[in-house]
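Visitor: Generate coordinates for the sequence data below:
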Amino acid sequence: MASPPSTPAIPGNINTNITLKITTQRNANPKLTSRLLEIATSAFRDDQTFNWRYPTRHEYPAHHQHMFWRYLGHELLDPTIWVVVAYLIDNGVEIPVGYSTWQRRGPGTEEAVRGRDSWLQKSERNLFALHERLNNFLFPNPSAYKPAIDLMAKVFEETENLVKQMPQFENHLHLNILVVDPAYQRRGIGEALVRWGVNKSTTEGIPCALEASRAGKRVYTKCGFEEIQICDGLHPTPEKPWQEGMHCREEGCQFGVGSFMIFVPPSLHLQ
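Guide: Below you'll find the model as predicted:
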């Protein structure tokens with residue numbers, strides 16, 4: 001069941017020509033999804049965490065792009081996730097220039113997303129998951145470095161456990177991914193996509209959480225997020241560029257994964 005386009009009020013000095021639309025499997029199309037995959041692979045081309053986890057990914061571009069399709073395909077079918085696509089008018093044509101995905105988590109989620117799911121969507125979701133498991137078994141990503149992948153999974157597990165211990169975070173929004181086409185960066189697109197989640201958080205009275213890269217920390221701080229913890233990271237060495245087991249949580253460490261950050265809406269501050 002498709003959600004209607006959503007264009008929230010965007011305060012501040014953000015480009016007012018940015019349009020935000022909710023995208024699901026019902027209103028997506030091959031041209032749009034191909035464009036979103038192009039944006040993701042371009043945005044993360046030189047990302048440090050992908051360098052750790054997939055050090056030879058540039059030798060296997062098809063596998064690398066399919067990894068993003070596995071993420072996006074699942075998110076388009078998941079009723080707990082909102083895929084928010086940003087558009088700009090370029091030479092008279094509206095084109096996608098970035099997207100973010102926000103997931104509602106917690107015991108109140110099922111009731112909150114009622115109406116965003118259907119038996120057909122559930123069937124599609126199960127078939128997609130089965131297809132991806134088979135694909136991963138038959139055609140594993142040759143660039144994957146498992147120790148680094150496992151460490152990153154551990155980072156997300158640790159932050160999720162931290163969230164569960166925090167008051168008022170029983171139900172919350174989580175930013176899964178934020179990407180902007182490098183050709184359109186520094187136009188307020190990333191901030192607009194972050195503020196979509198902040199606006200939803202404020203409207204529904206639930207907090208937000210995310211894991212921020214060092215590069216992304218500034219925009220999240222600008223949108224009202226605060227840092228709670230430094231995320232773990234790998235320490236490469238010349239002899240073992242992807243050595244397992246050497247971690248760091250020091251602020252400013254060049255190998256730190258990033259920061260765990262939260263946003264608490266004003267209504268919760270008053271409680």
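Visitor: Just the CA coordinates for the strand or helix carrying residue 218, please, in CSV.
Guide: Using DSSP states H and E, residue 218 sits within helix 217-222. C-alpha atoms of helix 217-222 as CSV (Å, rounded to 0.1, in the frame of the first residue of the first chain):
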residue,chain,number,x,y,z
LYS,A,217,28.3,14.4,12.6
ARG,A,218,28.0,18.1,11.7
VAL,A,219,24.7,18.0,10.0
TYR,A,220,23.2,15.8,12.7
THR,A,221,24.3,18.2,15.4
LYS,A,222,22.8,21.1,13.4
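Visitor: average pLDDT across that helix?
Guide: With pLDDT averaged residue by residue, helix 217-222 scores 92.
Visitor: Tell me which strands the next helix or strand after that helix pairs with, and in which orientation.
Guide: The helix or strand immediately downstream of helix 217-222 is strand 226-233, counting by DSSP H and E. Partners of strand 226-233 in the sheet, by DSSP bridges, are strand 256-263 (antiparallel).
Visitor: For the strand it pairs with, what is the distance to the chain centroid?
Guide: 13 Å (C-alpha atoms, centre = their mean, to the nearest Å).
Visitor: Report the buried residues of stretch 196-215.
Guide: Buried residues in stretch 196-215, counted by 16 or more other C-beta atoms under 10 Å: 196-202, 206-213. All C-beta atoms are positioned from the backbone trio N, CA, C, and that covers glycine.
Visitor: so how far is the first residue of it from its last?
Guide: 20 Å (C-alpha to C-alpha, to the nearest Å).
Visitor: Just the C-alphas of the helix-or-strand element of the chain with minimal mean pLDDT, formatted as PDB.
Guide: Counting by mean pLDDT, DSSP states H and E, the weakest-scoring helix or strand in the chain turns out to be strand 226-233, with a mean of 77. The C-alpha atoms that make up strand 226-233 are tabulated as PDB, following Å, rounded to 0.1, in the frame of the first residue of the first chain:
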ATOM      1  CA  GLU A 226      23.600  15.000  20.500                       C
ATOM      2  CA  GLU A 227      26.500  12.600  20.800                       C
ATOM      3  CA  ILE A 228      26.100   9.800  23.400                       C
ATOM      4  CA  GLN A 229      29.000   7.500  22.600                       C
ATOM      5  CA  ILE A 230      32.000   7.000  20.300                       C
ATOM      6  CA  CYS A 231      31.500   3.900  18.100                       C
ATOM      7  CA  ASP A 232      34.200   1.200  18.000                       C
ATOM      8  CA  GLY A 233      36.600   1.100  15.100                       C
END
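Visitor: Take the buried residues of stretch 196-215 and keep only those in strands.
Guide: Counting by DSSP state E, the buried residues of stretch 196-215 place 208, 209, 210, 211, 212 in strands.
Visitor: Present these as TSV; the columns should include distance to residue 71 and pLDDT.
Guide: Converted to TSV, these look like this (distance: C-beta to C-beta, whole Å; pLDDT from 0 to 100):
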residue	distance to residue 71	pLDDT
208	19	96
209	18	95
210	15	94
211	15	90
212	18	88
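Visitor: so where do the helices sit in this protein?
Guide: 30-43, 48-53, 61-77, 109-112, 119-138, 146-165, 189-204, 217-222, 266-269 (DSSP state H).
Visitor: Count the residues that sit near residue 189.
Guide: Other residues lying near residue 189 total 26 when counted by other C-beta atoms under 10 Å.
Visitor: Touching stretch 105-117 from outside, list them.
Guide: 1, 3, 24, 79-80, 104, 163, 169-174, 204, 206 (C-beta atoms under 8 Å, 6 or more residues apart in numbering).
Visitor: do that again at 10 Å, thanks
Guide: Here stretch 105-117 makes contact (C-beta atoms under 10 Å, 6 or more residues apart in numbering) with 1-3, 22, 24, 77-82, 103-104, 125, 160, 163-164, 169-174, 204, 206, 209.
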